[in-house]
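>>> output the structure for:
(one chain, ligands or ions: 1)
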Amino acid sequence: MTLIDGKALSQKIRLNVKKEIDVLDSIGITPGLAVILVGDDPASKTYVSMKEKACEEAGIYSIVHKMPSSISQDKILEILDMMNHNDYIDGILVQLPLPKNINTTKIIEAINHEKDVDGFHPFNVGRLVSGLDSFVPCTPLGVIKMLEEYKIDPKGLDICIVGASDIVGKPLLNLLLNAGATVDICHIHTKDLKAHTQKADVVIVGVGKVNLITKEMVKDGAIVIDIGINRLKNGKLVGDVDFENVAPKCSHITPVPGGVGPMTIAMLLENTLQAAKNRKKKKEDN
Ligand code: GUN
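Numbering: from 1, shown residues only. So this is what the prediction gives:
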């Protein structure tokens, strides 16, 4: 059984990103990321401060706009418009979820798609579906990079994704389909989850349910990617897979923590670097 080490891979990627940013910086292009955080959801606050710290380490200029949950949608749209027109901001990220009174689609659609480093704008979603160049959401992109690093080619594999969110499941479905996999996607209404996971060469799960994937649900030699993050009552962080019992059956498996989690941030840095490179190219072409 091989443990897929997302921590080590993310560190390697972050180092490479930093090297590239140092070069850009020396010619006067400092990548910039603007983050909007609305309300005081503890998990969102933690994620945003991790993103801020990672940007600082990589040499990305970052600004975080913290707003109370009482803020109006129009005010957020106004701030986004300013960010869209600020040449020093290459990437814009609105941390989700947003408070219920805010229309998330409207907010996402207001981000200039060229600055959409989260890859959530319908322009980028559409291009991803069609297999065209686009910004790709960070967690799915992180999973693809992990498979690449461990020489796992999706072409021809039966892959079962558990969780059909816009942020993770659906982009992964398209990335893997475009890479030649046969993809099965399961969700809350799936009648018999085990029937789907059991026949898969690769099981990818991210729904936030402790021990959802048990050893009876995966075949011998399967590859298991765990995107779930759950905090147990005793403070321990676990994924959605019963790791202890599933791992011995696997050819490869990701741990939690130290698996997909660190890759998400590394991909955000890569996407922001890409946005800055696009700015440089645009400047040169003009
Ligand atoms: N909330 C949970 N995951 C994400 C993410 O990748 N990006 C943003 N913006 N919000 C999230």
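
>>> give me the distance from stretch 161-168 to the chain's centre.
Counting by Cα atoms, centre = their mean, to the nearest Å, stretch 161-168 is centred 11 Å from the centre of its parent chain.

>>> just the endpoints, please. Distance across that stretch?
Terminal residues of stretch 161-168 are spaced 10 Å apart (Cα to Cα, to the nearest Å).

>>> which parts of the stretch 101-250 of the chain are helices?
Here the stretch 101-250 of the chain has its helices, by DSSP state H, counting those that start in this stretch, at 104-109, 122-129, 138-149, 169-178, 193-197, 243-246.

>>> go ahead and flag the most central residue of the protein.
The geometric centre of the chain, computed from its C-alpha atoms, lies nearest to residue 139 (Cα atoms, centre = their mean), at 2.0 Å.

>>> kindly provide the distance from that one to the ligand.
Here residue 139 is placed at a distance of 6 Å from the ligand (Cβ to the nearest ligand atom, to the nearest Å). (Each C-beta comes from the backbone N, C-alpha and C, glycine too.)

>>> how about the helices of the stretch 101-250 of the chain in a markdown table, adding mean pLDDT?
Shown next, in a markdown table, are these (pLDDT from 0 to 100):
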| stretch | mean pLDDT |
| --- | --- |
| helix 104-109 | 98 |
| helix 122-129 | 98 |
| helix 138-149 | 98 |
| helix 169-178 | 98 |
| helix 193-197 | 98 |
| helix 243-246 | 98 |
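
>>> those helices into JSON lines, with extra columns for distance to residue 91?
Shown next, in JSON lines, are the helices of the stretch 101-250 of the chain (distance: least, Cβ to Cβ, whole Å):
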{"stretch": "helix 104-109", "distance to residue 91": "14"}
{"stretch": "helix 122-129", "distance to residue 91": "12"}
{"stretch": "helix 138-149", "distance to residue 91": "11"}
{"stretch": "helix 169-178", "distance to residue 91": "17"}
{"stretch": "helix 193-197", "distance to residue 91": "35"}
{"stretch": "helix 243-246", "distance to residue 91": "33"}
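
>>> residue 157 is nearest to which of those helices?
For those, the distance to residue 157 is smallest for helix 169-178, at 8.3 Å, taking Cβ to Cβ.

>>> ok, residues contacting that closest one?
119, 125, 128-129, 131, 136-137, 140-141, 143-144, 154, 159, 161-164, 183, 185, 187, 204, 206 (Cβ atoms under 8 Å, 6 or more residues apart in numbering).

>>> on that earlier part again, would you confirm that the residue nearest to the centre of the chain contacts residue 206?
Yes - with contact defined as Cβ atoms under 8 Å, residue 139 counts as touching residue 206 (7.4 Å).

>>> any common contacting residues for those two?
168, 227, 260.

>>> and of those, the nearest to residue 72?
Of these, the one sitting nearest to residue 72 (Cβ to Cβ) turns out to be residue 168, at 29.3 Å.

>>> which bits of the stretch 151-286 of the chain sit near the ligand?
residue 167 (Cβ under 6 Å from any ligand atom).

>>> all the strands of the stretch 151-286 of the chain, in order from the start?
158-162, 182-186, 202-205, 223-226, 230-231, 237-238, 252-253 (DSSP state E, counting those that start in this stretch).

>>> so which of the helices of the stretch 101-250 of the chain is nearest residue 46?
With Cβ to Cβ as the yardstick, what comes closest out of the helices of the stretch 101-250 of the chain is helix 138-149 (15.5 Å).

>>> any idea what the closest residue to residue 88 other than its chain neighbours is bridged to?
Among residues not flanking residue 88 along the chain, residue 32 sits closest, at 4.8 Å (Cβ to Cβ, 6 or more residues apart in numbering). With DSSP bridges as the criterion, residue 32 is bridged to residue 61.

>>> and residue 32, how many residues sit next to it?
23 (other Cβ atoms under 10 Å).

>>> with the one 10 residues further on instead?
Taking other Cβ under 10 Å as the criterion, the count of residues near residue 42 is 7.

>>> what does residue 92 show for phi and psi?
phi -130, psi 130 (degrees, to the nearest 10).

>>> that one contacts residue 84, correct?
Yes - with contacts counted by Cβ under 8 Å, residue 92 reaches residue 84, the gap being 7.3 Å.

>>> these two: who's more crowded?
Remark: of residue 92 and residue 84, residue 92 carries more neighbours, 26 against 16, as counted by other Cβ under 10 Å.
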